[in-house]
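> A structural model of the following input is requested.
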Amino acid sequence: MDESIFTVILFVPLFLIVLLANLADKQRLSGGSGKTVAGLTYALHLFIFGTMAAAGGALHAIKIVITTNEELRQNLLDFVAGGGNGEVGNFMPVLERLDVLGMGIWMPAAAAPLFLLPQVRRQLANLTGMDALSSVHAVAASFVMLVVMNLAVTLAVGLDTLADLSEATETDGGSLLVSLWVQQITFAFWAVVGVGWLTRRRLLQALERLGLLVPRPVEVAIGIGTGLVSVAVILALEIVAGAVGWGLNEDVQRLTEVLIGPLLGSIPGILTLGLAAGIGEETLFRGALQPRFGLLVTSLLFALLHSQYGITLSTLAVFIVGMILGLVRNRYNTTTCVIAHASYNITLGMIAYLFPQMF
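Numbers count the residues shown, from 1 in each chain. All right, here's what the predicted structure looks like:
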C-alpha cells in the first residue's frame, strides 16, 4: 500500500503540469495568448526537474566526497546498515555506483527543460506530429526524460543488485495486485487529463481522442488474435535467440520472478497482469502518445519504460510487441490495442501458470 501511495504522490506534480499546459493551450486556441499560464507551467516544470537535478547532483557529490573521506564513508555505511542489521552488504553495490546513479538522475533532469525551448520544439514538430506552439506537446516531449531517467537509474544500480534487493524484500500477491492496478490507473488518468479532460475537452471527447471506443465484434477478434500472434512471435524469438547463444538474462529472470511471480500463482493475478497493463499502458502510449510521436518513437519509449529488463533480449521483445500494437492502433483504435495487450499478457501468464517448467 505504501508503494501505491508513493506512486500517486509522485504523479501529482506531473498532473498539475499537464493541467496547466492544457489551460494554456485552451486560452491560445480561444484567441488569447496563453502566455501567462504557459509561463506558470514552465516555471513549475523547471522547479520539479530542477529539484530532481539537484538530488542527482547531490548523490554524485556524495560519492566524490566519500571516495576521499574514509570516516564519512564509514558513517554512511553505518547509517545504511540501520543500526547493524546485517543488510548493508546488499546496498554496497549501490553506494559504489552513487556517481553513476547521480548522473543518471541529474543529466536527464537537466535536459528535460530543453524541450520547452521554441527552437527545439520546432525541430521536433518537423520530425513528428507535434505542434510547436502547444504547451501540452512541449511538456509531453520533456517527460520523455523521465523514461530515460528511470532506465538510467536501473542500469546504474544494476539488474543484479536490484534482483538481490528485491529478493531480500518480502512481497505478497495481494500487495502487488493493488500496486499494479494503482500504477496503471494512474497512467490512464494521466493520459486522459493530458489530452484535455477537465480543461478543454469533455470526457467523451477525450476518450475519442485517445481512441478508446466501444469495440465492434471484429475488433475484439482482431485484438485477441493479435495477442496470440504476438505470443507466438516472442516465443519464436526466444527460441532463435537461445539457439544462437543470446538467451534470457538470469538477473532479468530473477527480478521478474520477484516483481510479478506472486501474481502468476492465481487467476486474479494473471487477469490483473493482462487487464491493468492493457488499460494503463495502451491508453498512455498508443492512445495519447503515438498520434503525436509516431509509431517508432512510441514503441521505443514503451520498451525503455520496462526498465526492469535493462537492455536485453526482453527489451527487444517488448519493442517488437510495441510495434505490433502500434500497427493495430494505426489500423483500428486503442481499444483493440487494449484487448491485444491483455490477451498477450494473459496468455503468457496462463502458460507460466500451467507449464511453470517452461520459465
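> phi, psi for residue 201 please.
phi -140, psi 140 (degrees, to the nearest 10).
> quick check, pLDDT for it.
Residue 201 is assigned a predicted lDDT (pLDDT) of 97.
> surely it meets residue 195?
Yes. Taking contacts as Cβ atoms under 8 Å, residue 201 lies within contact range of residue 195: 6.6 Å. Quick note: C-beta positions are derived from backbone N, CA and C, even for glycine.
> between these two, which is the more surrounded one?
Each of residue 201 and residue 195 has its neighbours counted (other Cβ atoms under 10 Å); residue 195 has more, 25 against 18.
> residues in contact with residue 124?
115, 130, 132, 141 (Cβ atoms under 8 Å, 6 or more residues apart in numbering).
> farthest-separated two in those residues?
Using Cβ to Cβ, the contacts of residue 124 reach their maximum pairwise distance at 115 and 132, which is 11.2 Å.
> which residues are common contacts for the two?
121, 124.
> which one's more surrounded, the two?
More crowded of residue 115 and residue 132, by other Cβ under 10 Å: residue 115, with 20 against 15.
> how about the contacts made by that one?
Residue 115 makes contact with 121, 124, 138-139, 141-142, 144-145 under the criterion Cβ under 8 Å, 6+ apart.
> now, those residues that are in helices?
Secondary structure from DSSP state H places 121, 124, 138-139, 141-142, 144-145 of these in helices.
> what's the pLDDT at residue 87?
Value for residue 87, per-residue pLDDT: 52.
> okay, now the unreliable bits of this protein?
When residues are selected by pLDDT under 70, those of the chain lie in 1-3, 79-91, 170, 172-173, 357-359.
> distance check, the spatially most central residue of it against residue 289.
For the chain, the residue nearest the mean C-alpha position is residue 305 (3.7 Å; Cα atoms, centre = their mean). Applying Cβ to Cβ, to the nearest Å, the value for residue 305 to residue 289 is 11 Å.
> next one: residue 268
For residue 268, the distance to residue 289 - Cβ to Cβ - is 29 Å.
> repeat for residue 252
25 Å.
> equivalent analysis for residue 5, please.
26 Å.
> higher neighbour count, those two?
residue 289 (21 against 11).
> A helix includes the more buried one, no?
Yes. Counting by DSSP: H, G, I helix; E, B strand; the rest coil, one finds residue 289 located in a helix.
> just give the nearest non-adjacent residue to it, would you?
Sequence neighbours aside, residue 298 is the residue nearest to residue 289 in space, at 5.0 Å (criterion: Cβ to Cβ, 6 or more residues apart in numbering).
> residues in contact with the one you found?
285-286, 289-290, 322, 326.
> now for these: which two are most distant?
289 and 322 (11.0 Å).
> rewinding a little: nearest to residue 107, out of the contacts of residue 298: which one, please.
Closest to residue 107, out of all of those and judged by Cβ to Cβ, is residue 289, at 22.5 Å.
> measure the closest one to residue 140 for me?
Residue 289 is 7 Å from residue 140, by Cβ to Cβ.
> just residue 222 next, same as before
Taken as Cβ to Cβ, the span from residue 222 to residue 140 is 28 Å.
> these two - which one has more neighbours?
Just comparing residue 222 and residue 140: by other Cβ under 10 Å the higher neighbour count belongs to residue 140, 21 against 18.
> close enough to count as contact, the more buried one and residue 292?
Yes. In this structure, residue 140 is within contact of residue 292 by Cβ under 8 Å, at 6.8 Å.
> what's residue 97 in contact with, if anything?
Contacts of residue 97 by Cβ under 8 Å, 6+ apart are 156-158.
> err, residue 110, not the other one
49, 53.
> go again using 10 Å as the cut-off
Taking Cβ atoms under 10 Å, 6 or more residues apart in numbering, we find residue 110 in contact with 49-50, 52-54, 56-57, 145.
> could you chop this structure up by domain?
Listed domain ranges for the chain are 1-157, 171-359 (source: automatic domain parsing).
> out of the ones you listed, the one nearest residue 163 is which?
domain 171-359 (4.0 Å).
> ranges for the strands of the stretch 251-359 of the chain?
Assigned strands in the stretch 251-359 of the chain: none (criterion: DSSP state E, counting those that start in this stretch).
> quick revisit: can you put the contacts of residue 298 in a markdown table and add distance to residue 28?
As requested, those are exported to a markdown table (distance: Cβ to Cβ, whole Å):
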| residue | distance to residue 28 |
| --- | --- |
| 285 | 26 |
| 286 | 27 |
| 289 | 21 |
| 290 | 24 |
| 322 | 32 |
| 326 | 29 |
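> out of the residues you listed, who's the most crowded?
residue 286 (32 neighbours).
> buried residues, the helix or strand harbouring residue 208. List them.
Residue 208 belongs to helix 203-210 when assigned by DSSP states H and E. Within helix 203-210, the residues that count as buried by 16 or more other Cβ atoms under 10 Å are 206-207, 209-210.
> among those, which two are most distant?
207 and 209 (7.3 Å).
> show me which helix runs longest in this structure.
Max-length helix for the chain by DSSP H is helix 35-68.
> tell me what that one is packed against?
helix 2-29, helix 70-80, helix 88-96, helix 98-111, helix 135-142, helix 144-157 (3 or more Cβ pairs under 10 Å, 6 or more residues apart in numbering; DSSP states H and E).
> closest one to residue 165 among these?
Nearest of those (Cβ to Cβ): helix 88-96, 5.5 Å.
> how deep is residue 311 tucked in, by neighbour count?
Around residue 311 sit 15 other residues, with neighbours defined as other Cβ under 10 Å.
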